[in-house]
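Q: Structure here, sequence nowhere to be found:
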Ligand SMILES: Nc1nc2c(c(=O)[nH]1)N[C@H]1C(S)=C(S)[C@@H](COP(=O)(O)O)O[C@H]1N2
Ligand SMILES: [Mo]
């Protein structure tokens, strides 16, 4: 059966949904275009605080943002912001009873109420991209295991909080401190499985823009995005942005917990699926990326007419330097929209004077001010992390 064609003609319209979801429940499906498939995912508006999201998994939730949402503006609406949990998360949190403990290598272990966290220092706002290290993993070819995301495990929000260093100051960091580790309220789904713990170097924890955040686009954090408090580390992959923050622990040595020592690691040099043992280190900062959001792969465009393409880009751990349209003989620089800071999405736009034929494999390439440029070829790695190859689509002239 040609599932791809069936999906476009019938399933997207909801008519064929019965085949998968039963006769009464017609569901909307999207085709993520994952090489080798299966590529169809349901779109579901039924998760708390969320609108229509691409459902990758129900429990623990993995919800992807549809690419078209990014066409609407540089801040992703809270109800469309992607969701990723490793383990069982509480379905409600009592804010009045919530405490954040600050312990480990500190002078005075502390247990802080929400008010005490909010009052720990100056209120800080930062617009920053939240991106899963595995975003786009499902597009990896050769395929790799892990959540088979399309490119929507990313979103941009304005985060409001206090500096992590001001929260740490409530307990006083002791001499010899090296790392700061975080835990949330979620617990492993199976006995003996490791808790989701993540840590960052002390000098990163002390940065001006690393936050304990409670606000997302001027609203409280949605439950699924970590209510009531989460860590925000602008420029770093969101695996460190621990949600439903309940524990801060200062470490004097290396972190040997599972999700640091075993998971979320990348090779220190280029590898292929045939490479043997290689040195792996924890993933940290994000590289630049760009996407076309005005058009999807396979869309028709009018022959002989000017064509405006739009999208989003971000610089990763530094501001964007430039965005270029590439491929299909149409190479040219794009115009960039408002700058909401070095870690934010930025809109780009470009107009082709006239479409003369199909635009096969057209893409956009972002470069940041540190000189990082999106590569032509996928930097394949066994975890499918940090995808930032130039993403290409084909537009048909008609
Ligand atoms: N407590 C907790 N925080 C967590 C996680 C988790 O499983 N538990 N997953 C991390 C990962 S890997 C990602 S990609 C981001 C996703 O953030 P979001 O759900 O707000 O989009 O949360 C991070 N923080
Ligand atoms: Mo992630």
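A: On my side now, so go ahead. Please read all numbers here as calculations on a predicted model, not as lab measurements. Ligands and ions are numbered 1, 2, ... in the order given.
Q: element containing residue 42, please.
A: strand 40-44 (DSSP states H and E).
Q: how much space between the closest residue to ligand 2 within the stretch 1-150 of the chain and ligand 1?
A: Nearest residue of the stretch 1-150 of the chain to ligand 2: residue 132, at 3.3 Å (C-beta to the ion). (C-beta placed from N, C-alpha, C; glycine too.) Using C-beta to the nearest ligand atom, to the nearest Å, residue 132 is found at 3 Å from ligand 1.
Q: close enough to count as contact, that residue and residue 84?
A: Yes: Residue 132 is in contact with residue 84 according to C-beta atoms under 8 Å; the separation is 5.4 Å.
Q: Mutual contacts of the two, please.
A: 147, 153, 238 (C-beta atoms under 8 Å, 6 or more residues apart in numbering).
Q: Which ones among those residues map onto strands?
A: If you go by DSSP state E, the shared contacts of residue 132 and residue 84 have nothing in strands.
Q: Can you give me the neighbour number for the residue lying closest to the residue of the stretch 1-150 of the chain closest to ligand 2 once chain neighbours are set aside?
A: Excluding the flanking residues, the one nearest residue 132 by C-beta to C-beta, 6 or more residues apart in numbering is residue 153, at 3.8 Å. When neighbours are counted by other C-beta atoms under 10 Å, residue 153 registers 26.
Q: need the contact list for residue 153.
A: 64, 65, 82, 84, 131, 132, 134, 135, 136, 147.
Q: Could you tell me how many residues sit around the fifth one?
A: The local packing count at residue 131 equals 25, with neighbours defined by other C-beta under 10 Å.
Q: Wait, it touches residue 239, no?
A: No: in this structure, residue 131 is not within contact of residue 239 by C-beta under 8 Å, at 9.6 Å.
Q: Dump the contacts of residue 153 into CSV; add secondary structure and pLDDT as well.
A: Below are the contacts of residue 153 laid out as CSV (DSSP: H, G, I helix; E, B strand; the rest coil; pLDDT from 0 to 100):
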residue, secondary structure, pLDDT
64, strand, 98
65, coil, 98
82, coil, 98
84, strand, 98
131, strand, 99
132, coil, 98
134, coil, 98
135, coil, 98
136, coil, 98
147, coil, 97
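Q: Look up the pLDDT of residue 17 for me, please.
A: For residue 17, the pLDDT comes out at 37.
Q: cool, the one 10 residues further on as well?
A: Residue 27 is assigned a pLDDT of 78 by the prediction.
Q: can you give me the end-to-end distance of stretch 95-108?
A: 24 Å (C-alpha to C-alpha, to the nearest Å).
Q: just to revisit the earlier point, out of the shared contacts of residue 132 and residue 84, who's nearest residue 379?
A: Set against residue 379, the nearest of those by C-beta to C-beta is residue 153 (17.6 Å).
Q: could you measure the closest one against ligand 2, distance?
A: 7 Å (C-beta to the ion, to the nearest Å).
Q: do the same with residue 320
A: Residue 320 is 23 Å from ligand 2, by C-beta to the ion.
Q: now residue 258
A: Distance from residue 258 to ligand 2, by C-beta to the ion: 14 Å.
Q: Mind listing what's buried along stretch 348-366?
A: Neighbour-count burial for stretch 348-366, counted by 16 or more other C-beta atoms under 10 Å, picks out 348, 350, 352, 355, 358, 359, 362, 363, 364, 365, 366.
Q: Return the subset of those lying in strands.
A: Short answer: the buried residues of stretch 348-366 in strands (DSSP E) are 348, 350, 352, 359, 362, 363, 364, 365, 366.
Q: and which of those is nearest to ligand 2?
A: Using C-beta to the ion, these come closest to ligand 2 at residue 366, 20.8 Å.
Q: Tell me who's in contact with that closest one.
A: 288, 289, 290, 313, 314, 315, 320, 322, 323, 373, 374.
Q: Neighbours of the second one, how many?
A: What it means is residue 289. Count around residue 289 with other C-beta under 10 Å applied: 28.
Q: Could you find the closest non-adjacent residue to it?
A: residue 388 is the one closest to residue 289 (C-beta to C-beta, 6+ apart), at 5.0 Å.
Q: And the one you found, its phi and psi?
A: With angles defined as degrees, to the nearest 10, residue 388 shows backbone torsions of phi -150, psi 20.
Q: where does it land on pLDDT?
A: 98.
Q: now do the one 3 residues further on
A: With respect to pLDDT, residue 391 has a value of 98.
Q: Now do the contacts for it.
A: 151, 289, 290, 291, 292, 363, 364.
Q: pretty sure the last one contacts residue 347?
A: Going back to what we said before, that points to residue 364. No: assessed by C-beta under 8 Å, residue 364 is found out of contact with residue 347, at 11.6 Å.
Q: list residues touching both of these two?
A: With C-beta under 8 Å, 6+ apart, residue 364 and residue 347 have common neighbours residue 311.
Q: what residue ranges in this structure score low on pLDDT?
A: By pLDDT under 70, the low-scoring segments of the chain are 1-26.
Q: element containing residue 30?
A: strand 28-31.
Q: got the buried residues for stretch 370-379?
A: Neighbour-count burial for stretch 370-379 [16+ other C-beta under 10 Å]: 372, 373, 374, 378.
Q: let me fix that: stretch 215-227
A: 215, 216, 217, 220, 221, 222, 223, 224, 225, 226, 227.
Q: Tabulate these (a markdown table), appending distance to residue 265 and secondary structure.
A: Formatted as a markdown table, these follow (distance: C-beta to C-beta, whole Å; DSSP: H, G, I helix; E, B strand; the rest coil):
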| residue | distance to residue 265 | secondary structure |
| --- | --- | --- |
| 215 | 32 | strand |
| 216 | 29 | strand |
| 217 | 32 | coil |
| 220 | 33 | strand |
| 221 | 28 | coil |
| 222 | 29 | coil |
| 223 | 30 | helix |
| 224 | 26 | helix |
| 225 | 25 | helix |
| 226 | 23 | coil |
| 227 | 29 | coil |
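Q: The stretch 51-200 of the chain: helices as residue ranges?
A: Secondary structure of the stretch 51-200 of the chain (DSSP state H, counting those that start in this stretch): helices at 114-118, 164-169.
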